[in-house]
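Engineer: quick one: sequence plus predicted model below, questions after.
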Amino acid sequence: MNAGKSTSLLQSAHNYREQGMRPLVYTAAIDDRFGRGVVRSRIGLEAQASLFDDSTDFMALVSGALYDGPVACVLVDEAQFLAAAQVDTLARVVDECSVPVLCYGIRTDFRGELFPGSARLLAIADKLSELKTVCTCGRKATMTLRMGADGHAMVDGAQVEIGGNERYESRCRQHWVAAMRDAAMPCS
């Protein structure tokens, strides 16, 4: 979170389009913070995208798009919301259709647990690139806190709750552990 994933995706899409190539851009249907079918970065860049959910068949979509001409690449925002089987299908798009796939997302939820899509990407991706963000202490932030209305970290809840800076904060592991410990054992 706050590492520039969507900005990087939008820059990649722009670079392909500038060269006259056609990228296919997808974002999670569940994430409607900026409107449905919009990839938007925190610095204000945005572009339209096709939506995916658990039932999306990427092989069918890419195969269908190939009938209209070459596809330069597939760009997937919020890739943590992919199902593991969809990650396998995207790998097939690379291997069988020779179309590069770039997925952008976070590894873990607010409890430090892998998302299913992220777990599968970590297992089979040809290449992993980590975008860095920083904790309030200045160290590399690798964890995400979900904040409650009271301003304290939450330790329980559904794995997926859509939100931005008003709900989530990036932290280094040390400060994430401290916040989760404090939230689990509040002062009496």
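Structural biologist: Noted; the coordinates are in hand. Residues are numbered from 1 along each chain as shown.
Engineer: count the neighbours of the residue nearest to Thr7 when sequence neighbours are not counted for me.
Structural biologist: Spatial nearest neighbour of Thr7, chain neighbours left out: Ser41 (4.0 Å); criterion: Cβ to Cβ, 6 or more residues apart in numbering. C-beta coordinates here come from the backbone N, C-alpha and C atoms, glycine included. The number of residues packed near Ser41 is 18, by other Cβ atoms under 10 Å.
Engineer: for Ser41, give its distance to Ala184.
Structural biologist: Distance from Ser41 to Ala184, counting by Cβ to Cβ, to the nearest Å: 33 Å.
Engineer: ok, now which ones touch Ala91?
Structural biologist: Each residue near Ala91 by Cβ atoms under 8 Å, 6 or more residues apart in numbering is listed here: 101, 124.
Engineer: likewise for Cys97?
Structural biologist: 59, 62-63, 66, 71.
Engineer: do I have it right that Leu121 meets Asp88?
Structural biologist: No. Look at Leu121 against Asp88 with Cβ atoms under 8 Å: they stay out of range, at 10.3 Å.
Engineer: quick one: average confidence on stretch 76-92?
Structural biologist: Mean pLDDT, stretch 76-92: 95.
Engineer: dump it to CSV, restricted to CA.
Structural biologist: C-alpha atoms of stretch 76-92 as CSV (Å, rounded to 0.1, in the frame of the first residue of the first chain):
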residue,chain,number,x,y,z
VAL,A,76,-3.9,-6.5,-13.6
ASP,A,77,-4.5,-4.1,-10.7
GLU,A,78,-5.4,-5.3,-7.2
ALA,A,79,-4.1,-8.7,-8.1
GLN,A,80,-4.5,-9.9,-4.5
PHE,A,81,-8.2,-10.3,-5.3
LEU,A,82,-7.5,-12.9,-8.0
ALA,A,83,-8.5,-16.5,-7.3
ALA,A,84,-5.6,-18.9,-7.3
ALA,A,85,-7.0,-20.6,-10.4
GLN,A,86,-7.1,-17.3,-12.2
VAL,A,87,-3.4,-16.8,-11.6
ASP,A,88,-2.8,-20.2,-13.2
THR,A,89,-5.0,-19.1,-16.1
LEU,A,90,-2.9,-15.9,-16.5
ALA,A,91,0.2,-18.1,-16.5
ARG,A,92,-1.4,-20.0,-19.4
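Engineer: quick one: name whatever helix or strand follows the lowest-mean-pLDDT helix or strand in the chain.
Structural biologist: Among the helices and strands of the chain, strand 38-40 carries the lowest confidence by mean pLDDT, DSSP states H and E, at a mean of 72. Beyond strand 38-40 in the direction of the C-terminus, DSSP states H and E gives the next helix or strand as strand 46-48.
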